[in-house]
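Peer 1: Dropping a prediction and its sequence here:
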Amino acid sequence: MLTEWGLPSDRVAAWEMAVSELTTNVFRHSYKNLSPGVLGLSLNWDDTGLTISVIDEGHPFDPNLVPPPPDPDPADPRTWPEGGMGLMMVRSAGDDLRYASTGKRNVLSLFTALPRVSPA
């Protein structure tokens, strides 16, 4: 869909990685100890920018409460993280990572300021 909209291919690859990371996290964590549930994806491109939202009804998870991983020491492989880099990668794909939880619905949205220009 993003390519069909004519968005830049280098950005599309970053957004695809972000969606993959976010949906994988829903599968792995959101429904832990719960019955399988909803996983939704919403794309909105308007005059303010592109918003990609992942929607679920599992456990709430606000990524803004997760501290960034510590900086590794390039000279010491023991300090290199084996995991926990997903949110950092997702954040790097856009300008703002937003979270909202209403009742049982969680919406995690990646916003990128790339306004849609209407044809003249």
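Peer 2: Done, it's in. Numbers count the residues shown, from 1 in each chain.
Peer 1: Please, where are all the strands along the protein?
Peer 2: With DSSP state E applied, the chain shows strands at 39-45, 50-56, 96-102, 105-112, listed in chain order.
Peer 1: can I get those in a markdown table with mean pLDDT?
Peer 2: Output for those, formatted as a markdown table (pLDDT from 0 to 100):
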| stretch | mean pLDDT |
| --- | --- |
| strand 39-45 | 96 |
| strand 50-56 | 97 |
| strand 96-102 | 94 |
| strand 105-112 | 96 |
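Peer 1: how near is Asp10 to Asp46?
Peer 2: 21 Å (C-beta to C-beta, to the nearest Å). Every residue, glycine included, has its C-beta placed from N, CA and C.
Peer 1: In terms of neighbours, single out the busier of the two.
Peer 2: Higher neighbour count among Asp10 and Asp46: Asp46, with 10 against 7, using other C-beta atoms under 10 Å.
Peer 1: ok, longest helix in the protein?
Peer 2: The longest helix of the chain (DSSP state H) is helix 9-25.
Peer 1: buried stuff in it?
Peer 2: Across helix 9-25, burial judged by 16 or more other C-beta atoms under 10 Å covers Ala14, Trp15, Ala18, Val19, Glu21, Leu22, Thr23, Asn25.
Peer 1: same thing with stretch 86-101?
Peer 2: Quick answer for stretch 86-101 (16+ other C-beta under 10 Å): Gly86, Leu87, Val90, Ala93, Gly94, Leu97.
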